[in-house]
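Trainee: Predicted coordinates and the sequence they were generated for:
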Amino acid sequence: MAKAIHTMIRVLNESQSIDFYSKAFGLSIADRIDFQTFTLVYLRNAEADFEVELTINKGREEPYILGTGYGHLAFAVDDLEAEHKRMSELGFSPRDIVDFKHDGALLARFFFIDDPDGYKIEVLQRHGRYR
């Protein structure tokens with residue numbers, strides 16, 4: 001059986017990205033591996049072993065082009081309204097909360113924010129399959 005362990009995103013500014021993921025989702029550095037031309041930073045919190053791997057290519061000055069294939073990261077929270085308010089106060093500009101229904105039943109409640117590099121992040125209320 002396979003186990004999902006991380007997702008990787010390329011970021012331009014290491015400290016800005018670490019600060020964002022720490023404040024937004026309580027992720028902290030689990031490991032940092034420095035190479036000659038790039039650095040890998042693995043972020044996680046006590047909630048799960050799954051990690052966000054930040055790849056920082058040294059000498060890169062231009063923002064990455066995310067393209068049309070990237071979707072989003074997702075985090076589940078206990079109190080969606082409180083997180084929306086907290087992220088607003090942090091200046092992360094969350095979009096409006098959406099009630100997403102299927103056949104009249106609530107499937108998910110969520111909002112989106114962008115990280116410093118423009119990656120979309122879905123913040124979901126713990127409910128149903130989103131735990």
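Mentor: The structure has been received and is ready for your questions. None of these values were measured; they are calculated from a predicted model.
Trainee: Grab the longest helix from this protein for me.
Mentor: Longest helix of the chain, by residue count under DSSP state H: helix 14-25.
Trainee: CA atoms only for that one, dumped as PDB, please.
Mentor: These are the backbone C-alpha positions of helix 14-25, laid out as PDB (Å, rounded to 0.1, in the frame of the first residue of the first chain):
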ATOM      1  CA  GLU A  14      12.500  30.900   1.400                       C
ATOM      2  CA  SER A  15      11.900  33.100   4.400                       C
ATOM      3  CA  GLN A  16       8.700  34.600   3.100                       C
ATOM      4  CA  SER A  17       7.200  31.200   2.200                       C
ATOM      5  CA  ILE A  18       8.200  29.700   5.600                       C
ATOM      6  CA  ASP A  19       6.700  32.700   7.400                       C
ATOM      7  CA  PHE A  20       3.400  32.300   5.400                       C
ATOM      8  CA  TYR A  21       3.000  28.600   5.900                       C
ATOM      9  CA  SER A  22       3.800  28.900   9.600                       C
ATOM     10  CA  LYS A  23       1.300  31.700  10.200                       C
ATOM     11  CA  ALA A  24      -1.400  30.300   7.900                       C
ATOM     12  CA  PHE A  25      -1.200  26.600   8.800                       C
END
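Trainee: So in that sheet, which strands flank whichever helix or strand comes after it, and in what orientation?
Mentor: In the C-terminal direction, the helix or strand that comes right after helix 14-25 (DSSP states H and E) is strand 28-34. Here strand 28-34 is paired, per DSSP bridges, with strand 38-45 (antiparallel).
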